[in-house]
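>>> The following comprises the amino acid sequence and a computationally predicted model.
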Amino acid sequence: MPDVRCGDLRVHWEEWGSGPPIIWIPGTGLRGRTWEPQIARFRQSHRCLAVDLRGSGDTKGGRDNEFTVAALAWDIANWMDTIGVGQATVAGLSLGSAVAQELALARPDLVKDLVLLATWSSSRREHHIRRHFQSRLYAIENGPLNVYAQFAFWMSSPSLYDHEPGLQKEVEERLASHMSSNPKGTAGHFKADLSHETRDRLHLIDCRALVVHGDEDLITLPWYNRTVAELIPNASYAIIEKAGHLAWLERPEELNCLVRKFLSDAAE
């Protein structure tokens with residue numbers, strides 16, 4: 001479980017396997033190891049590096065006014081430079097997908113290709129997701145944490161609640177184990193979510209990208225994901241059925257198959 005000093009941060013990451021590198025970037029308030037269902041599959045063929053973002057997990061330091069997607073992307077770039085990982089596949093979920101977009105725009109030399117799970121392009125123009133982030137930020141800053149936590153149910157697929165309660169319980173338990181214990185940092189992540197604006201620049205991303213989402217995602221809505229896929233010139237697009245915002249935990253095998261095919265197509 002290495003840590004490394006990068007400017008005002010001590011960045012924490014975990015590493016498994018060997019081979020072509022994959023950087024796994026988590027979502028709002030989550031630890032990098034939330035990607036464990038994917039890491040368990042890809043560590044057999046790839047060097048998997050899961051990183052805790054500024055404000056979450058065991059990454060320490062940084063100033064509150066630097067919680068923007070662009071600042072988080074530069075954190076990742078500085079960390080990649082420091083450990084010398086070189087060009088990598090970069091996979092991000094939700095906030096992590098926004099960070100991955102900015103990283104590809106700011107440092108294309110570090111990004112071989114992108115996997116964007118549950119993504120969007122403009123918090124200013126995509127009103128539903130902006131209201132979601134504003135409400136969650138208000139709740140974590142002004143209310144008891146147990147009340148804030150109750151509204152995490154929006155992230156799950158309605159199909160799981162109604163038809164697969166056992167799986168839903170398992171997903172909730174796994175998600176809880178991945179949550180950061182830093183409410184102030186999670187609030188900072190919501191501020192970063194609200195700062196995300198790449199729609200007018202996505203056409204500048206020249207690497208391959210896979211945009212994928214659950215068909216029942218109630219947060220990063222299907223048309224938000226589709227817009228990203230349409231604007232990145234070399235993007236493919238996939239939907240995971242009976243999955244919500246937590247598709248990497250709800251339907252891990254389906255996601256793993258899509259990512260495996262995406263990476264194998266690149267190798268041909």
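Everything's here; your move. No experiment lies behind these values; they were computed from the predicted model shown.
>>> Low-confidence bits of this protein, can you list those?
Scanning the chain for pLDDT under 70 picks out the ranges 1, 64-65, 266-268.
>>> Excluding sequence neighbours, find me the nearest residue to the residue nearest to the spatial centre of it.
In the chain, the residue lying closest to the centroid (C-alpha atoms, centre = their mean) is residue 93, at 2.2 Å. Distance criterion C-beta to C-beta, 6 or more residues apart in numbering; nearest residue to residue 93, sequence neighbours excluded, is residue 117 at 4.3 Å. (Each C-beta comes from the backbone N, C-alpha and C, glycine too.)
>>> Kindly confirm my reading that residue 27 is in a helix.
No: read with DSSP: H, G, I helix; E, B strand; the rest coil, residue 27 is coil and lies in no helix.
>>> For the closest residue to it other than its chain neighbours, which residues are in contact?
Setting aside the residues directly before and after it, residue 27 is nearest to residue 94 in space (C-beta to C-beta, 6+ apart), at 3.5 Å. By C-beta atoms under 8 Å, 6 or more residues apart in numbering, residue 94 lies in contact with 27, 28, 117, 118, 119, 193, 219, 220, 245.
>>> any idea how far residue 113 is from residue 22?
According to C-beta to C-beta, to the nearest Å, residue 113 stands 10 Å off from residue 22.
>>> When the two are compared, which one has more neighbours?
residue 22 (26 against 20; other C-beta atoms under 10 Å).
>>> Provide the secondary structure category for that one.
In three-state terms, and counting by three-state DSSP, residue 22 is strand.
>>> from memory it sits against residue 49, does it?
Yes: taking C-beta atoms under 8 Å as the definition, residue 22 is a contact partner of residue 49 at 7.1 Å.
>>> Between the two, which contacts overlap?
residue 88.
>>> Any chance of the backbone angles for the residue nearest to the centre of the chain?
phi -120, psi 130 (degrees, to the nearest 10).
>>> now residue 164
Dihedral angles (degrees, to the nearest 10) for residue 164: phi -140, psi 60.
>>> what about it, neighbour count?
Neighbours of residue 164 (other C-beta under 10 Å): 15.
>>> ok, now residue 15?
17.
>>> Same question for residue 181.
That count, for residue 181 with other C-beta under 10 Å as the rule, works out to 11.
>>> cool, and residue 144?
Burial of residue 144, expressed as a neighbour count using other C-beta under 10 Å, amounts to 10.
>>> Likewise for residue 139?
So residue 139, with other C-beta under 10 Å, has 18 neighbours.
>>> Kindly point out which residues are neighbours of both of residue 113 and residue 22.
With C-beta under 8 Å, 6+ apart, residue 113 and residue 22 have common neighbours 89, 90.
>>> Residue 9 bridge partners, please.
Assessed by DSSP bridges, residue 9 has beta-bridge partners residue 6, residue 61.
>>> Please enumerate the strands of the stretch 1-150 of the chain.
According to DSSP state E, counting those that start in this stretch, the stretch 1-150 of the chain carries its strands in the segments 3-6, 9-16, 21-25, 47-51, 60-61, 88-93, 111-117.
>>> Distance to residue 147 for those strands - can I get that in JSON lines?
Formatted as JSON lines, the strands of the stretch 1-150 of the chain follow (distance: least, C-beta to C-beta, whole Å):
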{"stretch": "strand 3-6", "distance to residue 147": "33"}
{"stretch": "strand 9-16", "distance to residue 147": "29"}
{"stretch": "strand 21-25", "distance to residue 147": "28"}
{"stretch": "strand 47-51", "distance to residue 147": "30"}
{"stretch": "strand 60-61", "distance to residue 147": "27"}
{"stretch": "strand 88-93", "distance to residue 147": "25"}
{"stretch": "strand 111-117", "distance to residue 147": "28"}
